[in-house]
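Colleague: Have a look; sequence and predicted model below, questions after that.
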Amino acid sequence: MYQWIVATVAGMGLGSYTSFVVGVVYLIVGIALGALLLLFIRWPLAGIIAKMNANRKILSVEVLLDKGVFKKAANIAVPAVLYFFLADMAVESVFLKKIADTVGVIAVLMALGVCITATGAVYGAWEVSKAYPIRGILQVAKIAAFIIAGIIIVSIFAEKNPVMLLGGIGAMTAILTIVFRDAILGFIAGIQLTTSGMIRIGDVIELPKHQTHGKVVDLSLMTVTVENHDKTISSIPAYTLVSDSFLNWRGMTEAGARRIKRCLYIDATGVCVCDDAMIAKFKKIALLKEYVDRRQASIERFNKRLGYDLSEKTNGRRMTNIGVFRAYILAYLKQFPGVRQDMTLVVRQLESGERGIPMEIYAYANTAVLAEYEGIQSDIFDHLYAVISEFGLRLYQNPSSNDIWNMCNSGGKNVADGVLPSSPAKTPRKPRPPQSRPRRSRRA
C-alpha cells in the first residue's frame, strides 16, 4: 500500500513536498484503520464478556467491566496499527514512528492504570482488606508506572537506551531532591489530592491548626486556595493537607442534612416519681397519651408479678417526670417537619455533673443550609424551653451577679422564694470592766 501511495502522490507533480504528503496521507490512513479496528473491538469485546459473566456473576470480571479495563485495553489497537503502517515508510518518517511509539506507551499506561484501580476494587471487597489495606501500595505502583512510562517516552525521542537514561536521571535525582524538596513534596501531594478526590472545588473544609474554615475556590498541584466564611483568603500548601488532618464537609452537603447535637441541662432537684395527678395530666398531652398508657400497663404487670408493696415509693418500677419528658422530646422530634426521619434520631441522658443532668438531642435537620439549619434547631429548643415546666422540671442555670446581690439583700424572705434569709442580728457584747493588776515589789 505504501508503494501505491508513493506512486500516486508522485504523479501529482508536488516536487519536494512529495515525501511530506506521502507521510501525512499514510498516517491518516493508519489512524482511520486503527479507529475502525478499535470500533469493532472495544464495544463487542465488553458486550461479549458481560454476556458470558451474566450467569456466573464473577466479582473480578464485574469490576473489570465497571472500571472499563477491556475498553482501555482495546485502545492499544490504534498505536499497533500505526506502528505496522509506519514500519514500511522511508527514513524521513522517523518522527512519525516516534509518535506512534509514544502513543503506544500512553495506551499501555492507561490500561495498566485501570488494571491497578480494578485490582484495588476487587481486593477491597474481601474481608482481609480491612486488616491489610493495599491502597498505598497501589498508589506507589501507579506512580512507578508513570515514571517508567515517562522515561521510555524520553528515551524514544532522545534515541537513547532507557537503562542508561535511568542511570543519569538517578544521579540527578539526589541533587534535585535536596534542592527542590518542598516543591517536589507539594507536587506529589497535589497529584494525590486531585486523583484521590480528597478535595474538590466547592468543598467546605476546616483546618483548625491553620485557622481556616471555608470553601475551596482553587485547586492546583502546589496550593489549595480557600475562601473563609469571613471572606478572607487562605492559601494552603497541598502537602499540608496530606500530612495534617482536615475536616471536609462535602458529605453533609451531599446528604442534604446537618447534625443537631445539643443538650438541655436539667436541675436534678426537680426529678421525681410521677403520682396519679401527674400521670393524668400527661395523658392529656396528645404526643404522650399512647406512651403513658403503654408504659403504665407494662409497669403494672411487672409490679403485680413480683407482688411489690406500692405504698412505698422505693418499691417496684415507677414512671418519672424526666423519663416522660425524654419520651415527649422523642415524640416531638418524630413529628417535627424539619427533622430527617430516615437518619439517626436519639434522645439520651448523659452523665450528670456540676451543671445538672444533660439531656442530649441527637438528630439531623433536613437541610445543609446554615440559616435554615439554625432556624430548625432554634424552633425545637424554643419549644422545649417553654414546656419543660409542665413536667415539673427546671433548667439548670448558674447564679448571676444580680442573683447573688438579691440573696445578700433579701431581708426576711424564705429560702423557698429563691433567696437566702438574712442572718439574725447579733446582740452587742458589753465591755468588760478594767481589772486591777497587783503591783510587783521591787527588790532592794
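Modeller: Ah, there it is. The structure presented is a predicted model; accordingly, all values stated were derived computationally and were not measured.
Colleague: okay, CA-based contacts and neighbour counts for the rest of this
Modeller: Will do.
Colleague: Ramachandran coordinates for I147?
Modeller: Phi and psi for I147, reported as degrees, to the nearest 10, are phi -70, psi -50.
Colleague: What ranges does the stretch 51-200 of the chain have for its helices?
Modeller: Assigned by DSSP state H, counting those that start in this stretch, the stretch 51-200 of the chain shows helices spanning 59-67, 69-74, 77-86, 94-124, 128-131, 135-158, 162-179, 181-196.
Colleague: So for the second one, mean pLDDT?
Modeller: It stands for helix 69-74. Mean pLDDT, helix 69-74: 66.
Colleague: Could I have the CA atoms of stretch 228-245 written out in CSV?
Modeller: Provided in CSV are the C-alpha atoms of stretch 228-245 (Å, rounded to 0.1, in the frame of the first residue of the first chain):
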residue,chain,number,x,y,z
ASN,A,228,-13.1,31.6,54.6
HIS,A,229,-16.5,32.5,55.9
ASP,A,230,-15.3,35.9,56.9
LYS,A,231,-14.3,36.5,53.2
THR,A,232,-10.6,36.3,53.9
ILE,A,233,-8.5,34.1,51.6
SER,A,234,-6.1,31.4,52.8
SER,A,235,-3.5,29.7,50.6
ILE,A,236,-2.7,26.3,52.0
PRO,A,237,0.2,24.2,50.6
ALA,A,238,-1.0,20.9,49.2
TYR,A,239,1.5,19.0,51.2
THR,A,240,-0.1,20.3,54.4
LEU,A,241,-3.4,18.8,53.6
VAL,A,242,-1.8,15.4,53.0
SER,A,243,0.4,15.4,56.1
ASP,A,244,-2.0,17.1,58.5
SER,A,245,-5.7,16.2,59.3
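Colleague: buried stuff in it?
Modeller: N228, I233, S234, I236, P237, A238, Y239, T240, L241, V242 (16 or more other C-alpha atoms under 10 Å).
Colleague: Report the secondary structure state of the fourth one.
Modeller: So the one you mean is I236. At I236 the chain is in strand, as set by DSSP: H, G, I helix; E, B strand; the rest coil.
Colleague: Then the one 4 residues further on?
Modeller: Under the three-state scheme (three-state DSSP), T240 adopts helix.
Colleague: ok, now R262?
Modeller: Assigned with three-state DSSP, R262 falls in the strand class.
Colleague: That one: neighbour count?
Modeller: R262: 14 surrounding residues under other C-alpha atoms under 10 Å.
Colleague: residues contacting it?
Modeller: E360, I361, Y362 (C-alpha atoms under 8 Å, 6 or more residues apart in numbering).
Colleague: Surely the second one forms part of a strand?
Modeller: Meaning I361. Yes - assessed with three-state DSSP, I361 lies in a strand.
Colleague: That one is in contact with C263, isn't it?
Modeller: Yes - using C-alpha atoms under 8 Å, I361 is in contact with C263, at 6.1 Å.
Colleague: So between those two, which is more surrounded?
Modeller: Neighbours were counted for I361 and for C263 using other C-alpha under 10 Å; I361 has more, 23 against 17.
Colleague: For R250, give its distance to D275.
Modeller: For R250, the distance to D275 (C-alpha to C-alpha, to the nearest Å) stands at 50 Å.
Colleague: Which of these two has more residues huddled nearby?
Modeller: Legend: neighbour count by other C-alpha under 10 Å for R250 and D275, higher for R250 (16 against 13).
Colleague: T269 versus the residue lying closest to the more buried one once chain neighbours are set aside, what's the distance?
Modeller: Distance criterion C-alpha to C-alpha, 6 or more residues apart in numbering; nearest residue to R250, sequence neighbours excluded, is D203 at 5.6 Å. Remark: distance between D203 and T269 (C-alpha to C-alpha) = 47 Å.
Colleague: Specify which residue of these two has the higher count of neighbours.
Modeller: Neighbour count, other C-alpha under 10 Å: between D203 and T269, D203 has more, with 18 against 11.
Colleague: ok, how many other residues are close to I116?
Modeller: Neighbours around I116, by other C-alpha under 10 Å: 17.
Colleague: Quick check: it touching I134?
Modeller: No - I116 lies out of contact with I134 (C-alpha under 8 Å); the separation is 10.9 Å.
Colleague: quick one, what contacts the spatially closest residue to M222 that is not a sequence neighbour?
Modeller: Spatially, and ignoring its direct neighbours in sequence, M222 is nearest to G186 (5.0 Å; C-alpha to C-alpha, 6+ apart). Contact analysis of G186 by C-alpha under 8 Å, 6+ apart lists L221, M222, T223, P237, A238, Y239.
Colleague: Now do the same contact list for the last one.
Modeller: Just to be clear, that refers to Y239. So Y239 contacts L185, G186, I188, A189, G190, M222 (C-alpha under 8 Å, 6+ apart).
Colleague: how deep is the third one tucked in, by neighbour count?
Modeller: It refers to I188. Other residues within reach of I188, judged by other C-alpha under 10 Å, total 16.
Colleague: Find me the pLDDT at it, would you?
Modeller: We note a pLDDT of 76 for I188 in this prediction.
Colleague: pLDDT below threshold where in the stretch 201-350 of the chain?
Modeller: 221 (pLDDT under 70).
Colleague: which residues in it form strands?
Modeller: Along the stretch 201-350 of the chain, counting by DSSP state E, counting those that start in this stretch, strands occupy 204-207, 212-219, 223-228, 233-237, 247-248, 258-266, 346-349.
Colleague: Ok, which of the ones you listed comes nearest I178?
Modeller: I178 lies closest to strand 233-237 among the strands of the stretch 201-350 of the chain, at 18.7 Å (C-alpha to C-alpha).
Colleague: partner strands of the closest one, parallel or antiparallel?
Modeller: Its sheet considered, strand 233-237 pairs with strand 223-228 (antiparallel) by DSSP bridges.
Colleague: Need the contact partners of the partner strand.
Modeller: In contact with strand 223-228 (C-alpha under 8 Å, 6+ apart) are residues 186, 190, 212-219, 233-238.
Colleague: what do you get if the cut-off is 6 Å, keeping everything else the same?
Modeller: The contact list for strand 223-228 (C-alpha atoms under 6 Å, 6 or more residues apart in numbering) reads H213, G214, K215, V216, V217, D218, I233, S234, S235, I236, P237, A238.
Colleague: and if you look at stretch 394-404?
Modeller: The contact list for stretch 394-404, computed with C-alpha under 6 Å, 6+ apart, reads Y265, I266, D267.
Colleague: Which of those residues are buried? Put it as a ChimeraX command.
Modeller: Command for ChimeraX that selects the buried part of the contacts of stretch 394-404, burial taken from 16+ other C-alpha under 10 Å:
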select :265,266,267
